[in-house]
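K.L.:
Pasting the sequence and the predicted model now:
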Amino acid sequence: MALQWVILTYLVAAEAAVALLLTIPSPKLLKMRLVSLISLILQPALFIVPFAGFHLLDIYWKNEHRMMCTSEICTAAERDRFEKSFFKAQRNAILCVTACLLYWCIHRICKYHKEIQSLEEVEKRYKDQ
């Protein structure tokens, strides 16, 4: 089970790097090429959203069916184990939400860059007339 969280962590790190690359100032030609390349990658990378969604459902299901350790019978080790698993579930839920949010941000940034490029072309045509 830990491998899927490692994969999701690397995907979130890669998405964050791509979002950073898209938002830093760069020459226009480089920015256009970078946006077109990332736009081509975005459609196959859509698997991130259902992957993270499935993991969110898995976290929810495990949370609903988790043994509660609130009585006086529980030992200190059992309470620690319960709290540790609860914090891990929270961390993983944040990771899943971040993966979806970063994908959406990258998609919107690419779309805005394409819209700006098309508006610049329209403006150039009007200036030429």
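P.N.:
Arrived safely, thanks for sending.

K.L.:
center of this protein, which residue is that?
P.N.:
Computing the C-alpha centroid of the chain and ranking residues by C-alpha atoms, centre = their mean puts residue 99 first, at 1.6 Å.

K.L.:
how about that residue, what does it touch?
P.N.:
8, 11-12, 15, 48-49, 51-52 (C-beta atoms under 8 Å, 6 or more residues apart in numbering). C-betas here are computed from N, CA, C, even on glycine.

K.L.:
can you do 10 Å?
P.N.:
Taking C-beta atoms under 10 Å, 6 or more residues apart in numbering as the contact definition, residue 99 lies against 8-9, 11-12, 15-16, 48-49, 51-53, 55-56.

K.L.:
Once you drop chain neighbours, what's closest to it?
P.N.:
Leaving aside its chain neighbours, residue 99 sits nearest to residue 52 (4.3 Å; criterion: C-beta to C-beta, 6 or more residues apart in numbering).

K.L.:
residue contacts, the one you found?
P.N.:
So, once contact is read as C-beta under 10 Å, 6+ apart, residue 52 ends up touching 8, 11-12, 92-93, 95-101, 103.

K.L.:
cutoff 8 Å now
P.N.:
Going by C-beta under 8 Å, 6+ apart, residue 52 touches 8, 95-97, 99-100.

K.L.:
same check, this time on residue 9
P.N.:
Shown in contact with residue 9 (C-beta under 8 Å, 6+ apart): residue 95.
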